[in-house]
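[1] sharing a model that was predicted from the sequence below.
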Amino acid sequence: MKKLWFQLHWLVGITAGTVLIVIGLTGAILAFRDELLDVLNPGVTSVAVRQAPVLAPPQVAEAVKRAHPGARITSIVLDAEPGTTARVSLAPAPGEKHGETVFVNPYSGAMMPPLHYDEVFEWVESLHRHLLLPRDDGRPVVGALALCLMGLALSGLYLRWPRRPLDWRTWLTFDTRLKGRSFLWGLHSVAGTWALLAYLLFTVSGVYWSYDVVRDTVDGWAGVRRPPRVAAAPKPAGAKRVEAHAEAADLTLAWSTFQQQAPGWRTVSLRPPERVTQPLQVLWVASDAPHIRARSRMSINQQTGAIVKNEPYVQMGVGARALTTLYPLHMGTYFGLPGRLFMFCASLALPGFAVTGWMLYLKRRRQKREAQAERAKLAEAGRIDSADPVLLAYASQTGSAERLALQSAAVLQQAGVAVHVQSLEKLTPPLLGSYRRVLFVASSFGDGEPPDTARRFSLLLHAAAEELAHLQYAVLALGDRNYLQFCGFGQTLDRRLRVLGAQPLHPIIEVDNGDAGALARWSQALRELAGIGGDAPSVELSAALPDSGYTSCHLARRELLNPGSAGGELYEITLTGGDGASWRPGALLDVWPGHYAPEQSARRYSLASLPQDGCIQLLVRQARNEHGMGLASGWLTTQAALGDEVRVRLVDNPSFDIHDGAQPAIYIGNGSGMAGLRSHLRARVAGGQRRNWLVFGERQREFDSICASEIDGWRDSGHLPELDLVYSRDADGQYVQDRLRAKAGQLRSWIADDAVIYVCGSLQGMAGGVDAALEDIIGSAALDELREAGRYRRDVY
Ligand SMILES: Cc1cc2nc3c(=O)[nH]c(=O)nc-3n(C[C@H](O)[C@H](O)[C@H](O)COP(=O)(O)O)c2cc1C
């Protein structure tokens, strides 16, 4: 059901929604038409206020007749606001369609300069009301668009219905720290909810004005009688034009009658008829009227001054009065300036909805296409038949979990493990129970809820009484920490599986916004499951679309840091040109090796510099394999010429993010792991944080003392009171874990002082060794506590 509504919402959105942009923009312009005209025509619609009596309509009419002899006045509009000029409309000259409008100084009767640009606003209005089509053709089209707007607003409301509908915050606010799709979604849905009332008003008024049948029916209910709509009959050729000077009556009598009857008015419009024998029509808004369309009418005999008909607004029926609110509600003027601004913003927001809606849709479509490509790759690799396959089950709203499930399946399949990949949409508890090992990749949606496609499975699993003691499982939960229920569905799934007796292969791994560190842990879990040996290169999983978000930089400098080393050559690579790029210490950089093979995936490096350094720096070890040099490392360290373009993408790395505050920091690492540690240390030094301890390992002091002068500088300035540089191949060779054990007491004391531990470098050997040493020194429970408290952060590969 929700799927169908989603399809409808999006289909109407990209069709009618696109035209609604025009209606919205023109509506926003018209909302401030008078003010815009005033700005464009200074000194036309108002003059400086004087302490002098203002001219009455008969005197205004006289002044206009003197300036435009022979012209017939069709209306005089006065405004009680001091300094507002009188607006007088004249009948069209022979052969013309529209008559002139002139403005008259209310104190002196002088003619004001002509008003310019009004025709532009008329054009905008005709675009807004009938899309520049002939009026009778355009009105129903605009009416249909208004109905589409209502459909979009209401279906949007249904699609975003939160689990806790009574909490107003979930309706009207969203966390602006959200990123990417979540941000767009939050903006689209929350702004949509805010604008909902405006759109319902636009629709109701739009439909009323667009369809005669609706208008007649509603008028009938409201007891409003309008004159029948008949086209004005063409005047017979040779018909005599009414001569203004011969026929026009003096307005004095009629005006004095009106004034006796209506002493307090805000605006008044007099419509002198063609013939003196016909009554003068007066429309006026009382000074205490509730809105600008609360108009009273009066017909006055021009010759005797007697009232022919008097229809004060207050005596109108309830229905008729209700109908007069339609226009002020549509414009927002009913609620004064705040109302106008609200309706203005709602109109302007229409293009915003179209843009965010399109962006959401295109992103979703790309994710799906990428998932299809990954699925095809998996199928191409050939299915491995087995009676005991691993099931990779995914719950995905917008495609990331599906892609990660497929990438995970590929890792297992490449290692010879038979896999089945299945969406939770099609999974049932009995089917789940037919597997022995299941890996879930589950995102969260709404408010920590399952994605739409996984709702049914989630309900079934809750109601299930299946015994799952034979089942081993692991959960990779995707989410975003800015949501209150971070990885809510992944956690629910994990809890429920435990209750049903299933055995966790691995503690749940929670991925905050595609966090590369968490994905690396999942990748490691997959390797263990598949029995992949330590020497095999690790596989990079990525939730981001393969080629999105890249910018161009240029190779500015490359420096060999370890000439003569027994290990691989290590270079400092400097890139420039990513102006304005910003990242936090610990962040990563994807380098796109598309210069060789477009289908290749990116290579990821830890950033070794800070944005304030004015450049991007990496420490790149030149990788070598049986085909030669590594694709990206070979290119960056040897083949690319200085100045060559390098396509890069910044990747947040929340699990290796720097901590704020003065807690001490212990930095442990080896080899190119210096990159991640260096960006942290630079930030700590810049921030004046002095309690830092670096434990760093390489092969030989003579050849591998990388970044030595910078490290010496930190030590000399007092920012590195503890420094342990260890070299495994020197005479007194040690690894970092050995040094940690040797300084166990000091380590415990730093940890007791709330230190945060950072580890960056190779997973094989170093990271495992450090983990074991820490466990020995402080105990596994304390290490777990550090991990949970975010005080043990790793970026290992
Ligand atoms: C509307 C919306 C609601 C979300 N709600 C949550 C949430 O409550 N908790 C959470 O951890 N993540 C939440 N997320 C983040 C997603 O789980 C995360 O972006 C995930 O990577 C999406 O994976 P998918 O593309 O497979 O659906 C939400 C995202 C969106 C767009």
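    Happy to help now that I have it. Only a predicted model underlies this, so the values are computations on that prediction, with no experimental measurement involved. Numbers count the residues shown, from 1 in each chain.

[2] what about the strands in the stretch 601-750 of the chain?
    603-606, 616-621, 624-625, 628-629, 645-651, 665-670, 692-698, 722-727 (DSSP state E, counting those that start in this stretch).

[3] now tell me what touches the fourth one from outside.
    Right, the one you point to is strand 628-629. 622-623, 634-635, 637-639 (C-beta atoms under 8 Å, 6 or more residues apart in numbering). (Each C-beta comes from the backbone N, C-alpha and C, glycine too.)

[4] ok, now the third one?
    With C-beta under 8 Å, 6+ apart as the contact definition, strand 624-625 has outside contacts at 568, 630.

[5] neighbouring strands for it, and are they parallel or not?
    Partners of strand 624-625 in the sheet, by DSSP bridges, are strand 628-629 (antiparallel).

[6] before we move on, what about the first one?
    Partners of strand 603-606 in the sheet, by DSSP bridges, are strand 588-592 (antiparallel).

[7] and G27, what does it touch?
    128, 202, 343, 347 are the contacts of G27 under C-beta under 8 Å, 6+ apart.

[8] make that I508, sorry
    I508 neighbours (C-beta under 8 Å, 6+ apart): 474-477, 487, 490-491, 494.

[9] and it, how far from the ligand?
    12 Å (C-beta to the nearest ligand atom, to the nearest Å).

[10] tell me what whichever residue of the stretch 351-500 of the chain sits closest to the ligand is bridged to.
    In the stretch 351-500 of the chain, the residue that lies nearest the ligand is G479 (2.2 Å; C-beta to the nearest ligand atom). Counting by DSSP bridges, G479 forms beta bridges with D512.

[11] separation between it and Y117?
    Per C-beta to C-beta, to the nearest Å, G479 is found 53 Å from Y117.

[12] which one of the two has more residues nearby?
    Taking other C-beta atoms under 10 Å, G479 and Y117 do not tie; G479 has more neighbours (24 against 12).

[13] surely that one and T492 touch.
    No: assessed by C-beta atoms under 8 Å, G479 is found out of contact with T492, at 11.9 Å.

[14] what about the stretch 151-300 of the chain, any weak spots by pLDDT?
    227-249 (pLDDT under 70).

[15] for the ligand, what are the nearby residues on it?
    Residues of the stretch 151-300 of the chain that fall close to the ligand, judged by C-beta under 6 Å from any ligand atom: 181-182, 185.

[16] also the stretch 451-600 of the chain?
    Residues of the stretch 451-600 of the chain lying close to the ligand (C-beta under 6 Å from any ligand atom) are 451, 478-480, 483, 485-488, 543.

[17] any chance you could map the helices in the stretch 201-350 of the chain?
    212-222, 244-247, 252-261, 318-324, 326-331, 336-380 (DSSP state H, counting those that start in this stretch).

[18] now these in JSON lines, with distance to A306?
    JSON lines is the format used below for these (distance: least, C-beta to C-beta, whole Å):
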{"stretch": "helix 212-222", "distance to A306": "30"}
{"stretch": "helix 244-247", "distance to A306": "20"}
{"stretch": "helix 252-261", "distance to A306": "7"}
{"stretch": "helix 318-324", "distance to A306": "25"}
{"stretch": "helix 326-331", "distance to A306": "32"}
{"stretch": "helix 336-380", "distance to A306": "38"}
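
[19] buried residues in stretch 699-715?
    By neighbour count on 16 or more other C-beta atoms under 10 Å, the buried set for stretch 699-715 is 699-700, 703-707, 711, 714.

[20] just the CA trace of it, in CSV.
    Presented in CSV, the C-alpha positions along stretch 699-715 are these (Å, rounded to 0.1, in the frame of the first residue of the first chain):
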residue,chain,number,x,y,z
ARG,A,699,61.6,-1.2,10.8
GLN,A,700,65.0,0.7,11.1
ARG,A,701,65.7,4.0,12.8
GLU,A,702,68.3,4.8,10.1
PHE,A,703,65.9,4.6,7.2
ASP,A,704,62.4,4.7,8.6
SER,A,705,62.4,7.7,10.9
ILE,A,706,59.5,9.2,9.0
CYS,A,707,58.2,12.7,9.9
ALA,A,708,61.1,13.0,12.4
SER,A,709,61.6,16.7,12.4
GLU,A,710,57.8,17.4,12.9
ILE,A,711,57.8,14.9,15.8
ASP,A,712,60.9,16.5,17.3
GLY,A,713,59.2,19.9,17.1
TRP,A,714,56.2,18.7,19.0
ARG,A,715,58.4,17.2,21.7
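
[21] not counting it itself, show me its contacts.
    Contact with stretch 699-715 is made by 561-567, 570, 619, 674, 678, 681, 685, 692, 694, 698, 720-721, 723, 725, 727-730, as judged by C-beta under 8 Å, 6+ apart.

[22] ok, 6 Å please
    561-562, 564-567, 674, 685, 698, 720, 723, 727-730 (C-beta atoms under 6 Å, 6 or more residues apart in numbering).

[23] ok, Q617 - contacts?
    Q617 sits in contact with 574, 608-609, where contact means C-beta under 6 Å, 6+ apart.

[24] and it, how far is that from the ligand?
    Distance, Q617 to the ligand, using C-beta to the nearest ligand atom: 30 Å.

[25] and if you look at V47?
    Distance from V47 to the ligand, by C-beta to the nearest ligand atom: 55 Å.

[26] near R436, how many other residues are there?
    Per other C-beta under 10 Å, the neighbour tally for R436 reads 14.

[27] whoops, I mixed them up, A474
    For A474, the neighbour count with other C-beta under 10 Å is 23.

[28] my reading is that it lies in a strand. Confirm?
    Yes: the assignment for A474 (DSSP: H, G, I helix; E, B strand; the rest coil) places it in a strand.

[29] and it, bridged to which residues?
    L439.

[30] give me the pLDDT value at it.
    A474 carries a pLDDT value of 97.

[31] that older thread, pLDDT-wise, what's the bottom of the residues of the stretch 451-600 of the chain next to the ligand?
    Across those, the bottom pLDDT score, 78, is held by A543.

[32] ok, back up a step: which among the contacts of stretch 699-715 end up buried?
    Counted by 16+ other C-beta under 10 Å, the contacts of stretch 699-715 give 561-562, 565, 674, 685, 698, 720, 727-728 as buried.

[33] ok, back up a step: which one of the helices of the stretch 201-350 of the chain is the most hemmed in?
    helix 326-331 (a mean of 19; mean count of other C-beta atoms under 10 Å).

[34] could you dump stretch 283-301 to CSV, C-alpha only?
    Only the C-alpha atoms of stretch 283-301 are listed here, as CSV (Å, rounded to 0.1, in the frame of the first residue of the first chain):
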residue,chain,number,x,y,z
LEU,A,283,-17.9,49.3,-2.6
TRP,A,284,-16.2,49.9,0.7
VAL,A,285,-14.3,48.2,3.5
ALA,A,286,-15.1,49.5,7.0
SER,A,287,-12.2,50.5,9.2
ASP,A,288,-13.1,47.7,11.6
ALA,A,289,-13.6,45.1,8.9
PRO,A,290,-12.0,41.7,9.6
HIS,A,291,-10.2,41.5,6.2
ILE,A,292,-9.7,43.3,2.9
ARG,A,293,-12.5,41.5,1.2
ALA,A,294,-15.1,42.2,3.8
ARG,A,295,-16.7,44.6,1.4
SER,A,296,-20.1,46.4,1.8
ARG,A,297,-22.0,47.7,-1.2
MET,A,298,-24.2,50.7,-1.7
SER,A,299,-26.1,52.0,-4.8
ILE,A,300,-26.9,55.7,-4.7
ASN,A,301,-29.1,57.8,-7.0
